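>>> Generate a structure from the sequence data that follows.
(one chain, ligands or ions: 1)
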Amino acid sequence: MAVETLSYDVVVVGHGIAGLAAAVSAMQQGARVAVLERAPAEESGGCTRYTEAFLRLKNEDELTDDFESLLAEVGAANPDPDLVHTTTRPSSEWPGIVRTLNATDPEFIATFARETIPTIKWLKTFGIRFIPAYLAHITCRENPPLLAPSGGGHALIEALLAAGRAGGVEIFYETTARALIQDDAGAVVGVQAVGRRNRRSDVRGRAVILASGGFEGSIEMLHRYLGPSAVNIRPVARGGHYNRGEGIRMALAIGAAPAGDFGSYHANPVDPRSGRPEAKVFLFPYGILVNKLGRRFADEGPGADHRIYDGICHRIQEQPDGTAFAILDARINDIPEYGRAVFTDKPPVMAGSLADLAGKLGLPADALKATVAAYNAACRPGTFSATRTDGLATVGIDPPKSNWARPLDRAPFMAYPLISAAIITLGGLKTNARAQVLNADGEVIPGLYAAGALMGIYYRQYAAATSVLRGATFGRIAGADAARHQAP
Ligand SMILES: Cc1cc2nc3c(=O)[nH]c(=O)nc-3n(C[C@H](O)[C@H](O)[C@H](O)COP(=O)(O)OP(=O)(O)OC[C@H]3O[C@@H](n4cnc5c(N)ncnc54)[C@H](O)[C@@H]3O)c2cc1C
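Residues are numbered from 1 along each chain as shown. Below you'll find the model as predicted:
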């Protein structure tokens, strides 16, 4: 049977914020656009569909003050200072090893900062409204709000989809891109895709924009890059299961430069009993965390919750079966509306005594009682303040607890099981500030763009509330650039 071949100007892989921003942007430049999407229509939208979409903005006209400095801070691990210094010269003078450095370059960050507010204005033209939004962490209650689209990421998807459809963008659901097609000179001129009943097709275009998210839905890539304990994690929401890393793999297969921290991911502590998107529980700083052996394994309060939960999740991943239990007591009621930090739809496990709690959780009772007794003995008097790091620390115990250390001695006791769930993976592709994918020698791969979560720009940790913006901003940039791209 002959392979079906379709032809467009621009082929977009993925239907999240990055893919739809790219498709609509290319359409507005007059391009004929196809979007390939693995999921069925009713489940499409990737991670974007499930996010509240906090945006690192003060309001519609202003970035947060730390926008660029934070991206620079997380944009490299231990980079070579001599190579970094080269980036003070114009980018046209950077040698290939600098263009493909394991660091997010200043030109990229400056473009991100410069184009974000115009992108917000652009999104508003599709009817999207932006509202102040407060993070759920108790330690964020006194912070100013960020911004979010009213209706979250789902509203972004719906608005851009409607605009794309109205403008003639063609969307192929249940169609998975598997490989890039190159011409004899190495330019990318389309993708090989596979649809229902494993039916192959070639979708050709002058340019291809990869916007297929990270690899949080691929156990093979998670294991390869994060190690064996990756078996313990799962995507934080249903959309992540569709992101299996082909966009990254197909580009690497033709020589693209990797970028970002392949060995890490941004995590949330979620209740494994719940199938709800983002079933997170942010209460452990106010109690203790124990593993299945009934032992503590980490400082539960080394800093403000919104800064430390990611690191704690990585520790949870390493515990037996990747599981921990947040153990709390009746003192949690001292925190007004603590339930606003709880997103699981499952109730906590409650018990009148630690022995009963251990029984209900399947933990060794003696070990849990001994752990709590040692912890209680290490607590000291002081003033508790849930909304800020209060310095109420344990003394003489390992691991210590640096804040919010109060004895667990008031029944009823309660517990939430927790696992680490992947919000986004950090490894991806190296692009320039125009979202063009670079090869491992720092040269542009003609016709190939990347936007959104498969751009590798974070090292060790994520910069909160920048990923949806990255998708929208670089999707818009990629779409406009790709529409203008002429095959050589
Ligand atoms: C629950 C949750 C909360 C979050 N909260 C925030 C937040 O508050 N702020 C923030 O900035 N970020 C947040 N994030 C992260 C952010 O939502 C994502 O990083 C961002 O939306 C990614 O957009 P994207 O378009 O790159 O990828 P996605 O939205 O994941 O879209 C990728 C699309 O590609 C499709 N696809 C994958 N592989 C293929 C293939 N081979 N062929 C065809 N199609 C394919 C998928 O089906 C999907 O539709 C959150 C994520 C989640 C899950």
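
>>> so where is this protein shaky, pLDDT-wise?
Within the chain, the segments meeting pLDDT under 70 span 1, 487-488.

>>> Domains in it, by residue range?
The chain breaks down by automatic domain parsing into domains covering 4-264+426-484, 267-422.

>>> Neighbours of the closest residue to E158 other than its chain neighbours, how many?
Counting by C-beta to C-beta, 6 or more residues apart in numbering, E158 lies nearest to G151, which is 7.7 Å off, once chain neighbours are set aside. No exception for glycine: its C-beta is placed from N, CA and C like everyone else's. Per other C-beta atoms under 10 Å, the neighbour tally for G151 reads 16.

>>> all helices in the stretch 201-350 of the chain, in order from the N-terminus.
Ranges of helices in the stretch 201-350 of the chain, per DSSP state H, counting those that start in this stretch, are 219-226, 246-253, 305-318.

>>> From the ones you listed, pick the one with the highest average neighbour count.
The highest average neighbour count among these, using mean count of other C-beta atoms under 10 Å, belongs to helix 246-253 at a mean of 22.

>>> That helix and the ligand, any residue contact?
Yes. Counting by C-beta under 6 Å from any ligand atom, contacts between helix 246-253 and the ligand involve E246.

>>> what's the angle between that helix and helix 219-226?
60 degrees (axes from the mean of the first three to the mean of the last three C-alpha atoms, to 10 degrees).

>>> ok, back up a step: highest average neighbour count across the domains of the chain?
In terms of average neighbour count - mean count of other C-beta under 10 Å - the standout among these is domain 4-264+426-484, at a mean of 21.

>>> What is the end-to-end distance of it?
End-to-end distance of domain 4-264+426-484 (C-alpha to C-alpha, to the nearest Å): 26 Å.

>>> list the contacts for the residue in the stretch 351-488 of the chain positioned nearest to the ligand?
For the stretch 351-488 of the chain and the ligand, the shortest gap (C-beta to the nearest ligand atom) falls at G452, measuring 2.2 Å. G452 makes contacts with 14, 16-19, 211, 213, 467, 470-471, 474-475, as judged by C-beta atoms under 8 Å, 6 or more residues apart in numbering.

>>> Is it possible to get TSV of those that adds distance to the ligand and secondary structure?
Formatted as TSV, these follow (distance: C-beta to the nearest ligand atom, whole Å; DSSP: H, G, I helix; E, B strand; the rest coil):
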residue	distance to the ligand	secondary structure
G14	3	coil
G16	2	coil
I17	4	helix
A18	3	helix
G19	6	helix
A211	5	coil
G213	3	coil
S467	3	helix
R470	7	helix
G471	4	helix
F474	9	helix
G475	7	helix
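
>>> Would you format the helices of the stretch 201-350 of the chain as TSV with distance to L354 included?
Shown next, in TSV, are the helices of the stretch 201-350 of the chain (distance: least, C-beta to C-beta, whole Å):
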stretch	distance to L354
helix 219-226	34
helix 246-253	46
helix 305-318	21
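
>>> and I171, what are its bridge partners?
On the basis of DSSP bridges, I171 is bridged to V35.

>>> Touching, it and A39? I think so.
No. Using C-beta atoms under 8 Å, I171 is not in contact with A39; the gap is 11.0 Å.

>>> what's the longest strand in the protein?
What stands out as the longest strand in the chain, according to DSSP state E, is strand 413-425.

>>> just the angle between that one and helix 305-318, please?
Orientation of strand 413-425 against helix 305-318 (the same axes, to 10 degrees) gives an angle of 90 degrees.

>>> touching the ligand at all, strand 413-425?
Yes. In terms of C-beta under 6 Å from any ligand atom, part of strand 413-425 sits within range of the ligand, namely 423-424.

>>> what does stretch 158-174 give?
No. Figure legend: stretch 158-174 not in contact with the ligand (C-beta under 6 Å from any ligand atom); closest approach 8.7 Å.

>>> residues in contact with that stretch?
With C-beta under 8 Å, 6+ apart, stretch 158-174 has contacts from 8, 15, 17, 20-21, 23-24, 27-28, 32-41, 44, 123, 126-128, 151, 193, 195-196, 203.

>>> And for stretch 367-375?
So stretch 367-375 is in contact with 288, 290, 293-296, 327, 354-355, 357-358, 361, 394, 397, 401, 405, 407-408, going by C-beta under 8 Å, 6+ apart.

>>> Keep only these that also lie close to the ligand.
Counting by C-beta under 6 Å from any ligand atom, nothing from these sits close to the ligand.

>>> Okay, and which of those map to strands?
Residues of the contacts of stretch 367-375 located in strands (DSSP E): 288, 290, 327.
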